[in-house]
Every structure is written in structure tokens, then in C-alpha cells.
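S.K.: here are the coordinates; sequence isn't available:
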């Protein structure tokens with residue numbers, strides 16, 4: 001899912017050979033997707049583009065969509081000119097009920113693996 005029709009079309013084209021994939025355009029906070037629907041969620045270069053006041057609500061929505069024991073993988077830019085601080089990412093996810101299993105950080109990018117307990 002993405003808020004951009006352009007990126008949804010790109011993803012749909014790339015994933016068209018998989019019968020178990022559905023691409024949806026919209027905001028995770030309002031899309032009609034039942035809670036506990038996903039075993040895995042991948043977030044790639046998304047959070048930094050969300051307005052800071054909306055970030056925690058977005059992470060909360062992602063967490064609700066994960067099944068208990070589900071995993072969230074995240075990759076975000078952390079450069080000063082483009083991105084957000086790694087500590088903010090870690091805090092948002094932790095406050096969203098996700099437990100960090102591992103992370104890596106370079107000068108320009110943060111990657112992490114999180115799990116939902118309970």
C-alpha cells in the first residue's frame with residue numbers, strides 16, 4: 001500500500017506474477033484493512049515523508065495490522081539533509097508496541113527488524 005498511485009502501479013507491475021499480492025492506494029490509518037491481517041510488513045523510505053505530527057498514529061496503525069508475533073522490517077534515510085534521526089524511528093516503533101530484534105545503521109540509512117508481541 002502507498003498513498004501514491006504512481007508507486008502502486010509500479011509495485012503492481014513488479015508483483016503481477018504473485019497471486020497472493022494485492023496493491024492498495026491510501027493511508028494505512030483509514031484503509032479498510034482488518035487488524036491482525038499481516039504476518040510481515042515492510043516499510044521502505046516512508047516515515048520520513050510523513051508529517052511529524054502524523055508519524056506516531058501511522059506507526060500505531062501499522063502495529064495494529066500486524067498479527068501477534070508478526071514482523072516489521074524498516075529502512076529509512078537518516079541523513080541530515082534527507083531523512084529523520086534513527087532514535088526517532090526507534091522511539092516511534094517502540095511506542096507503537098514493537099520490539100526491536102536487530103538494527104543496522106550507516107551514515108545515511110537505518111534498517112531494523114521489529115516484532116509485535118502479545
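M.R.: Alright, I've got the coordinates. Because the structure is a prediction, the values reported are computed rather than measured.
S.K.: so what are the domain limits for this protein?
M.R.: 1-32, 33-116 (automatic domain parsing).
S.K.: and the ones you listed as TSV, adding mean pLDDT?
M.R.: Listed next are these as TSV, based on pLDDT from 0 to 100:
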stretch	mean pLDDT
domain 1-32	92
domain 33-116	96
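S.K.: out of those, which is the most enclosed?
M.R.: domain 33-116 (a mean of 16; mean count of other CB atoms under 10 Å). For the C-beta atoms, the positions are set from N, CA and C on the backbone; glycine is no exception.
S.K.: measure that one end to end?
M.R.: 18 Å (CA to CA, to the nearest Å).
S.K.: in the protein, which spans are helices?
M.R.: Using DSSP state H, the helices of the chain run over 5-14, 52-65, 86-95.
S.K.: go through those and name the closest to residue 27.
M.R.: helix 52-65 (7.9 Å; CB to CB).
S.K.: helices or strands next to that closest one in the packing?
M.R.: strand 38-44, helix 86-95 (3 or more CB pairs under 8 Å, 6 or more residues apart in numbering; DSSP states H and E).
S.K.: what's the angle from the longest one to helix 52-65?
M.R.: Spelled out, that is helix 86-95. Orientation check (axes from the mean of the first three to the mean of the last three CA atoms, to 10 degrees): helix 86-95 against helix 52-65 gives 40 degrees.
S.K.: for helix 86-95, packing partners?
M.R.: The elements that helix 86-95 packs onto, with contact taken as 3+ CB pairs under 8 Å, 6+ apart, are helix 52-65, strand 66-77, strand 98-105, strand 109-116.
S.K.: need the outlier residue of the chain, farthest from its centre.
M.R.: Residue farthest from the centre of the chain, counting by CA atoms, centre = their mean, is residue 17 at 23.2 Å.
S.K.: adding distance to residue 72, write the helices and strands packed on helix 52-65 out as JSON lines.
M.R.: As requested, the helices and strands packed on helix 52-65 are arranged in JSON lines below (distance: least, CB to CB, whole Å):
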{"stretch": "strand 38-44", "distance to residue 72": "5"}
{"stretch": "helix 86-95", "distance to residue 72": "7"}
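S.K.: ok, for residue 79, nearest residue in space, not its chain neighbours?
M.R.: residue 108 (4.7 Å; CB to CB, 6 or more residues apart in numbering).
S.K.: I appreciate the help and will end here.
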